[in-house]
Each structure stands twice: as structure tokens, then as C-alpha cells.
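Colleague: return atomic coordinates for the entry below.
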Amino acid sequence: LMQINPHFLFNTLELMSSLTMQKREDDTLQVIESLGKMMRFSLKISDDLIPLKEEIKYTRYYMTILQVRFGDRLAIRLNEEGSLERVQIVKFILQPLIENAVKFSFLHRPDAVVAISVRRAEGKLTLKVADNGSGMPEERRRKLLEQSATAQLDTILASRSGQIGLGNVLARCRLYYGELFEVRIDSAEGEGTSIELILPAQEESSDVSSDDRR
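Modeller: Residues are numbered from 1 along each chain as shown. Okay, the predicted model is just below:
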């Protein structure tokens, strides 16, 4: 998490400086408020497991900052389906996926389209982030899936790859959920990328036991 947050924080501080110089007071206040709520949420949470609704709220603050930063160049939406009230998940797993989606969409296109969905059905929770970016090389896709399968978090953290956030998320999910975690990465160069995280719909009163994770 320490490798993800500073990057975002520096970008947001630069955005606030730029907005202030442009005298965009309303946008500046909106970014400050959203960033403050995100930081407060980050600091008060000590456990790695949090209510899904809190993760979604945190994500929406992040989306607000992105929308101010990119304006009409970014079309981003988040859709919720199913009963999500009591579900818990590993924290901070949506933001890195969204950050990658926005980043790689803008690499070769003037506009970015990012669709986020959170859906609960048949005992599973599916988090999906899709973009209109340049796509992911097949070799990179396979490598990420292999790293996720072995959950070698130390290797991912030592990596200098620009997609450390994605590798971090996959490894953390594998370490916590074990064999109950599934990931699907659909990508074609020039056609965008879709990443799905499939987790057990774990509610507040339950836990993923060590036996279940095997």
C-alpha cells in the first residue's frame, strides 16, 4: 500500500496547485474535500479487511478527483448490483485497477472510457474494471496471472514495473482468499483491457478460514 498511495498523493497535490493557479475555486475545494476523506479513511483503517461499501465510497472519492483532473476527456462510471451491504473485502483493491485503466487508456488515445462494476451473485463477488486503452501484451497478461497464482508478493513489491499496483492487488487477493480467488484478464492490443476479480461474498460475521484458503 505504501508503494501505491504516495504516487497518487503527489499527483493530487500537483492538481490542487494547478487548480489554484487557474483560480478554479470550486474544483479546488472539491478535490481537497475528496482527498481529505480518502486520507482520513486510510488512516483510521488498521485491518486489511473492510466493508465493501467503505471501499466503494473511497473509490467514488477517487473518481471525483480523476473527473476534476481530466474533465470531459474521461468518461468513468461505477455500477453496483446485488446485496452489498454486509460484504467485506480486502481494502484498497479497486483504486490501483482504476489508476492503471485510466493511465493506459490515455497512452494512445485522447479520451479515456473506464467502466467499473461491483456485482454480487450466487455467493460470489465480482469486481470488474474495463478500459478502452491500448491493450496488454499477451506475455504481460500471462506473467500477471502466473504471479497471482503463486502469490509471490515480495517479488512483486521489488518489481520496478509500471503495473506494480495491479500485481500488488492480485497477490494480496491470492494471499488472503487462497484458492477461492479467481482473476480473469481479457485484453487485446489496441482494443482495451478488462480485469475481473472474483472473490467469495464474505459477510461481516464470517471469515475465510485457513482450511478454506487452501
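Colleague: all helices of this protein, in order?
Modeller: Under the criterion DSSP state H, the chain carries helices at the ranges 5-21, 25-44, 52-70, 94-108, 138-150, 153-158, 164-177, 210-213.
Colleague: in JSON lines: the ones you listed, plus mean pLDDT.
Modeller: Putting the helices of the chain into JSON lines (pLDDT from 0 to 100) gives the following:
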{"stretch": "helix 5-21", "mean pLDDT": "86"}
{"stretch": "helix 25-44", "mean pLDDT": "88"}
{"stretch": "helix 52-70", "mean pLDDT": "94"}
{"stretch": "helix 94-108", "mean pLDDT": "90"}
{"stretch": "helix 138-150", "mean pLDDT": "80"}
{"stretch": "helix 153-158", "mean pLDDT": "55"}
{"stretch": "helix 164-177", "mean pLDDT": "82"}
{"stretch": "helix 210-213", "mean pLDDT": "49"}
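Colleague: out of the ones you listed, which is closest to Leu125?
Modeller: Shortest distance between Leu125 and those, using Cβ to Cβ, is found for helix 52-70: 7.3 Å. C-beta: built from backbone N, CA, C; applies to glycine.
Colleague: the closest one packs against which elements?
Modeller: With contacts defined as 3 or more Cβ pairs under 8 Å, 6 or more residues apart in numbering; DSSP states H and E, the packing partners of helix 52-70 are helix 5-21, helix 25-44, strand 74-81, strand 88-90, helix 94-108, strand 112-121.
Colleague: and that helix, how far out from the chain's middle?
Modeller: A distance of 10 Å separates the centroid of the chain from that of helix 52-70, by Cα atoms, centre = their mean, to the nearest Å.
Colleague: the nearest residue to Tyr58 once chain neighbours are set aside: neighbour count?
Modeller: Take Tyr58 and drop its neighbours on the chain: the residue closest to it by Cβ to Cβ, 6 or more residues apart in numbering is Phe41, 5.3 Å away. Other residues lying near Phe41 total 17 when counted by other Cβ atoms under 10 Å.
Colleague: pull up the gap between Phe41 and Gln95, please.
Modeller: The span separating Phe41 from Gln95 equals 11 Å under the rule Cβ to Cβ, to the nearest Å.
Colleague: which of the helices of the chain sits closest to Arg120?
Modeller: Comparing these by their distance to Arg120 (Cβ to Cβ), the top pick is helix 52-70, with 8.6 Å.
Colleague: picking up where we left off before, would you turn the helices and strands packed on helix 52-70 into TSV with distance to Leu66?
Modeller: Formatted as TSV, the helices and strands packed on helix 52-70 follow (distance: least, Cβ to Cβ, whole Å):
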stretch	distance to Leu66
helix 5-21	10
helix 25-44	10
strand 74-81	6
strand 88-90	21
helix 94-108	6
strand 112-121	9
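Colleague: deepest of those, which one?
Modeller: Sort these by mean neighbour count, taking mean count of other Cβ atoms under 10 Å, and strand 88-90 sits at the top with a mean of 24.
Colleague: can you lay out the helices of the chain as CSV showing distance to Gln202?
Modeller: CSV is the format used below for the helices of the chain (distance: least, Cβ to Cβ, whole Å):
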stretch, distance to Gln202
helix 5-21, 25
helix 25-44, 20
helix 52-70, 9
helix 94-108, 16
helix 138-150, 19
helix 153-158, 20
helix 164-177, 8
helix 210-213, 10
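Colleague: would you agree Arg69 is in contact with Met16?
Modeller: No - applying Cβ atoms under 8 Å as the test, Arg69 and Met16 come out as separate, 10.1 Å apart.
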